[in-house]
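1. generate a structure from the sequence data that follows.
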Amino acid sequence: MADTPVQPAKLAHRLTTQDASFLYGESRNGPLHIGALGVFEGEVGLEQTMRHVELRLHLIPRYRQRLSFVPFNLAHPTWEDDPSFAIERHVMHHQLAEGASEDDLIDAAMAVYERPLPLDRPVWEMHLFGGLWGGRSAALWKTHHCLVDGVSGMELLNVVLDFRPDAPPPEQPENPWRPVAFPGRARSFVRAAFDRVQEQLGHARQASELIPSRKAVAETARPIAGAVRALAKMAARRIVAAPWNKGLVTQERSLAWLRISFTDTRAIRSAIGGTVNDVVLTILAEGAARYLEYHGSPIRGRPLRIGCPVNVRRKSESGGLGNRVSMMFPEFEATPMDAVARLESVAQETERRKSSAEPQALEMLMSASDLVPPALMGLASGLGIAALDTAVGLLRQAPPGMASRFAPPAAINFVATNVPGVQVPLFLGSHRMIDCVGLVPLGANLGYGVAILSYNQNLYFGLVAEPRLMPDVEQMKHFVSEVFEELKSAAQKRAALPAPREAAIRAPAPVQVAVPSRPARKAAPPPLARPSQGPGRQI
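-> Numbering: from 1, shown residues only. Sure thing, here's the model as predicted:
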């Protein structure tokens, strides 16, 4: 994978509306970068790592490009070569006390992760942490969401890392990289004006192609109208008021993570039903429900709503950066229940959402945002973000409990994003990556989020929280782990049950004229004893 370039030709030079929205929606307290925290065998050196990354930069051209903003925000920014690019500004080293624990690593990594990425350089960073227990090291990757989504972020990681410890560096280009001059304001403005004209002509051409066909118009409008109705209905329906939604997020972050076997997850799916994603959502939804009960949160029959990003990238777009995601918003019972019953209800809900084509309709609705002028989008977002940051600053000085009175009602309770990764070990030079935990952004009144990342036959749950809104993220981890163990135990019990015997097909007995006596029938074997069942469990 490390010798497969991420082709810039597969991307527009100018940011898409979806990519740019992560720039416009970013705040000081809600930075919109995603990341991963990897733990490695041995001490990973700074000079060695900088050289390792440099030898692969020609495979990921965006790593040497930065954003060029257009005057008056006439159009979305463009990616341009950074003439001041220096690897030292992106790969950094932090030496922790010798024998530092996992908690020490998490504290140090979150202190780095919670800071926004500077926009005057390529929007990525790699931070090394040395001195960990057992002679280990760690690496924290931060990449702005305007550059990648979860899927393309993992593809980038696969380019930087190798599949074996003795892998040679990729073949180098014949001509060394020479950056193109960074555009000035006048050039950016002229190009933006030209692109806007071309864009409007494209919209007009699409509209003219649709006008002769009423059927085409109806087929296009129907799913969009359905998505609008579904979103309006969702907005009108109140969800459970979770503790982590009762306030505004500050810049502070905390992390707890859990590793579970992918084999066990597939065994649960096979024994009980649903998909791997259903198992993941079951673990998180039931864990959240138990957390709510633990804290005595009022439920009042309201649902727990989870935002689930859905990858809509086509095969032809594989290897391209940027964002190609839609969303699904499944709703679940907020009262704790048996883990197996929870999985069955989750599978029914996700199937209902998929059959309604909710992600596809929402993608079409999101594409309509291309018609919104970037200047208007940037202005509206800027005003909202400024107000949000001001409110966070004021509420931090307010008495405890006041923040919950001013926080707007949440539209979703938290985001859970499932990112597929490679199922074999990866290496940074000669150092094997032992664990890899995904990290999600938080903001506004979403004080909790989860990244589920698969790596080397394991699933990693990265539970990211804002410590003021969720001071006990380890408690959430406990409930999540508890639900997984219950599902695993139930799957093992089901797998241990013998398969039901099929009745043997016998030929009809020959007719006998005289039968003096009939032999006694053998007693039927006693029915198999079922294993003990929890309330609501069906086997």
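2. C-alpha from now on. contacts and neighbour counts both.
-> Noted.
3. packing partners of the strand or helix carrying Val483?
-> Assigned by DSSP states H and E, Val483 belongs to helix 473-496. With contacts defined as 3 or more CA pairs under 8 Å, 6 or more residues apart in numbering; DSSP states H and E, the packing partners of helix 473-496 are strand 254-261, helix 262-272, helix 276-294, helix 339-355, strand 458-465.
4. any idea how far Pro118 is from Phe72?
-> Distance check for Pro118 against Phe72: by CA to CA, to the nearest Å, it reads 21 Å.
5. cool, and Asp264?
-> Going from Asp264 to Phe72 by CA to CA gives 54 Å.
6. hang on, isn't Leu453 packed against Asn418?
-> Yes: with contacts counted by CA atoms under 8 Å, Leu453 reaches Asn418, the gap being 6.1 Å.
7. phi, psi for Phe332 please.
-> phi -130, psi 160 (degrees, to the nearest 10).
8. ok, the spatially closest residue to Tyr63 that is not a sequence neighbour - contacts?
-> In space, not counting the residues next to it along the chain, Tyr63 is nearest to Pro122; the distance is 6.0 Å by CA to CA, 6 or more residues apart in numbering. Each residue near Pro122 by CA atoms under 8 Å, 6 or more residues apart in numbering is listed here: Arg62, Tyr63, Arg64, Gln65, Arg66, Leu67, Asp82, Phe85.
9. what's the burial count for the closest residue to His33 other than its chain neighbours?
-> On the basis of CA to CA, 6+ apart, the spatially nearest residue to His33 that is not a chain neighbour turns out to be His144, at 3.9 Å. The burial metric for His144, expressed as a neighbour count using other CA atoms under 10 Å, is 26.
10. His144 and Leu292, how far apart?
-> Noted for His144: a distance of 32 Å to Leu292, by CA to CA.
11. hang on, the earlier thing: report the separation between the residue nearest to His33 and Asp82.
-> Distance from His144 to Asp82, by CA to CA: 16 Å.
12. ditto for Arg14
-> Counting by CA to CA, the gap between Arg14 and Asp82 amounts to 15 Å.
13. again with Ser356
-> To Asp82, Ser356 is 45 Å away according to CA to CA.
14. so which of the two has more stuff around it?
-> Residue environment comparison for Ser356 versus Asp82 gives the larger neighbour count to Asp82, 22 against 14, counting by other CA under 10 Å.
15. so what does the residue nearest to Tyr63 look like in phi/psi?
-> As for Pro122, its main-chain torsions (degrees, to the nearest 10) stand at phi -50, psi 140.
16. same question for Ala108.
-> Backbone torsions of Ala108, given as degrees, to the nearest 10, read phi -70, psi -40.
17. look up the pLDDT of it for me, please.
-> In the prediction, the pLDDT value recorded for Ala108 is 98.
18. hang on, the residue nearest to His33 packs against Ala20?
-> No: between His144 and Ala20 there is no contact, the gap being 10.8 Å when judged by CA under 8 Å.
19. so who does Gln95 touch?
-> Taking CA under 8 Å, 6+ apart, one finds Phe129, Gly130, Gly131 in contact with Gln95.
20. any weak-confidence spans in the chain?
-> Within the chain, the ranges that satisfy pLDDT under 70 run 1-12, 150-152, 196-236, 312-325, 357-371, 397-407, 498-539.
21. check which helix or strand the residue positioned nearest the centre of it maps to.
-> With distances taken as CA atoms, centre = their mean, the chain has Thr417 as the residue nearest its mean C-alpha position (2.6 Å). In this structure, Thr417 sits in strand 414-419 according to DSSP H and E.
22. and the angle from that strand to helix 276-294?
-> Here strand 414-419 runs at an angle of 150 degrees relative to helix 276-294 (axes from the mean of the first three to the mean of the last three CA atoms, to 10 degrees).
23. mind putting the contacts of Pro122 into CSV with distance to Val249 and secondary structure?
-> Written out in CSV, the entries for the contacts of Pro122 read as follows (distance: CA to CA, whole Å; DSSP: H, G, I helix; E, B strand; the rest coil):
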residue, distance to Val249, secondary structure
Arg62, 30, helix
Tyr63, 29, helix
Arg64, 32, helix
Gln65, 30, strand
Arg66, 28, strand
Leu67, 27, strand
Asp82, 33, coil
Phe85, 33, coil
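24. please identify which of those residues is nearest to Pro243.
-> Lowest distance from Pro243 to the contacts of Pro122 (CA to CA) belongs to Leu67, with 37.1 Å.
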